[in-house]
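In: here is my input; please provide its structure:
(one chain, ligands or ions: 2)
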Amino acid sequence: MEMGILGLPQSGKSTLFEIMTGVKSGQSHSETVVRGQASVPDERFDKLVEIYKPQKVSPAKVPFVDVHAVGEHPWEAIRQNLSGTDGILHVVDGFSLPDVSLSLDAYRKLEDELVLSDLLIIEKKLERLTKMSKKAISPQETAQNDLLPKLQECLEAGKPLRTAGLTTAEILTMRSFSFWSIKPELVVVNVAEDNLSFANDFAKAAKISEPVMGICCKIEAELSSLEATEQKEFLSSMGISEPAFGRIIRAAFSLLGRMSYFTVGEDEVKAWVIPLETKAPKAAGAIHNDFERGFIKAEVMSYNDFIAHSGVTAQVKSAGRLRLEGKEYIVQDGDIINFRFNV
Ligand SMILES: Nc1nc2c(ncn2[C@@H]2O[C@H](COP(=O)(O)OP(=O)(O)O)[C@@H](O)[C@H]2O)c(=O)[nH]1
Ligand SMILES: [Mg+2]
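Out: Numbering: from 1, shown residues only. Ligands and ions are numbered 1, 2, ... in the order given. Below is the predicted model of the structure:
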């Protein structure tokens, strides 16, 4: 699971990447690609840490990739380094020229590259298929072949493939193509300090189905250099409850179809990252293969039940809210779990 940061040069990609991950990227231009992990802010997690005061604190993380695409062929560097990512965070410059139509042009310029790139992949494939004898075409290719014209039509209309209304099964069928415009996308508008509502104006004018969020990287870069208590003061002085970068990380996390369950104790409170709709044994496997292989039961309580019973497991249990779940249980976001296993 990885989120690629995309955007025209000088839009603020590396600045945002640094704010989210704490990994310096802007200065180290000797590296083409920089990777970093962003902690996912979660009030529930913070509350559990407050209750257990553990020695080790392990929040959920989202991996981000920043590419230094400069020089003659910036698009090539992006193509090579972001093709394997599961989602795209598209950063748009909304600060240097605060004009919605110019920002939209900048956004579309790169989106058009993605759409064109996918169109070329499809045209090549269709051409190859017409040259092949019917017998040589695999069932997988036949299934793909049936879908390609529909996708081609979508792209020719200038629309990304994620808007083509494909079913999950169809998306799976097309996975080997590594299409760009099929990846889930989050649009982040980097706004000027004195024009914070610009992202809203952008979203209204863009009329796109992708989520749009605003951030002023300049302010938040200053913010992230402060101590935690100073951060809080800084935010409340501006009447903001949470920095935008935290909301962006959370949006990226859910865009990738991920959720977390918790394991708790005095040694460690940890948020484990799993895909939505994961069954208990697979979820246990996130901790260790042995937990999955030797899965017996999952002792589960919901976060809300735990808090409603003063954060005391014994009270949850005596209220009959501590459940013993089996192999078919689908883990829910915020479950607090203790796995029983045997290997
Ligand atoms: N005024 C202003 N400048 C910014 C903002 N965000 C980034 N910059 C500046 O724009 C330049 C490009 O930023 P960078 O993050 O390296 O962009 P990248 O090329 O997309 O990675 C740097 O000089 C930043 O200091 C912002 O919100 N406001
Ligand atoms: Mg950069």
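In: which residues does the helix or strand containing Met301 contact?
Out: According to DSSP states H and E, Met301 maps onto strand 295-302. Outside of strand 295-302, the residues within contact range by CB atoms under 8 Å, 6 or more residues apart in numbering are 280-281, 283-284, 313, 316, 321-327, 329, 331-332, 334-342. Backbone N, C-alpha and C define where each C-beta goes, glycine included.
In: now, the residues you listed that are in helices?
Out: Cross-referencing those against helices under DSSP state H gives 280-281, 283-284, 313, 316.
In: most neighbours, which of those residues?
Out: Ala284 (27 neighbours; other CB atoms under 10 Å).
In: just checking, that residue touches Glu292?
Out: Yes. Using CB atoms under 8 Å, Ala284 is in contact with Glu292, at 5.2 Å.
In: enumerate the residues of this protein near ligand 2.
Out: For the chain, the residues in contact with ligand 2 (CB under 5 Å from the ion) are 13-14.
In: what is the nearest of the ones in helices among the contacts of strand 295-302 to Ile219?
Out: Ala283 (38.1 Å; CB to CB).
In: report the contact partners of the nearest residue to that closest one once chain neighbours are set aside.
Out: Closest residue to Ala283 apart from its sequence neighbours, by CB to CB, 6 or more residues apart in numbering: Val331 at 4.4 Å. If a contact means CB under 8 Å, 6+ apart, then Val331 has 261, 274, 278-280, 283, 298, 300, 337 as its contacts.
In: try it again at 6 Å.
Out: Neighbouring residues of Val331 by CB atoms under 6 Å, 6 or more residues apart in numbering: 261, 278, 280, 283.
In: still on that earlier bit, okay, and which of the contacts of strand 295-302 map to strands?
Out: 323-325, 335-341 (DSSP state E).
In: output these as CSV; include the columns distance to ligand 1.
Out: Output for the ones in strands among the contacts of strand 295-302, formatted as CSV (distance: CB to the nearest ligand atom, whole Å):
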residue, distance to ligand 1
Arg323, 47
Leu324, 50
Glu325, 45
Asp335, 38
Ile336, 39
Ile337, 39
Asn338, 43
Phe339, 42
Arg340, 48
Phe341, 45
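In: quick one, helices of this protein?
Out: 13-21, 43-52, 74-82, 100-131, 139-156, 168-173, 198-206, 217-224, 228-237, 244-255, 280-285, 289-293, 303-308, 313-318.
In: got the buried residues for stretch 164-182?
Out: 164, 166, 170, 173-174, 177, 179-182 (16 or more other CB atoms under 10 Å).
In: same for the helix-or-strand element of the chain with minimal mean pLDDT, what does it pack against?
Out: Ranked by mean pLDDT, DSSP states H and E, the weakest helix or strand in the chain is helix 74-82, scoring a mean of 82. Where contact means 3 or more CB pairs under 6 Å, 6 or more residues apart in numbering; DSSP states H and E, helix 74-82 is packed against strand 61-67.
In: which residues are contacting the strand it packs on?
Out: Taking CB under 6 Å, 6+ apart as the rule, strand 61-67 contacts 2-5, 13-14, 17, 21, 25, 33-39, 77-78, 81, 249, 252-253.
In: need the residues of the stretch 151-300 of the chain near ligand 1, please.
Out: 190, 192, 216-218 (CB under 6 Å from any ligand atom).
In: run the last query once more with 5 Å
Out: 190, 217-218 (CB under 5 Å from any ligand atom).
In: which of the residues you listed are buried?
Out: For these, buried by 16+ other CB under 10 Å: 190, 217.
In: any idea which of the residues of the stretch 151-300 of the chain next to ligand 1 is closest to Gln55?
Out: Cys217 (34.3 Å).
In: can you tell me how far the residue at minimal distance from the centre of the chain is from Thr278?
Out: For the chain, the residue nearest the mean C-alpha position is Ala252 (2.9 Å; CA atoms, centre = their mean). Applying CB to CB, to the nearest Å, the value for Ala252 to Thr278 is 19 Å.
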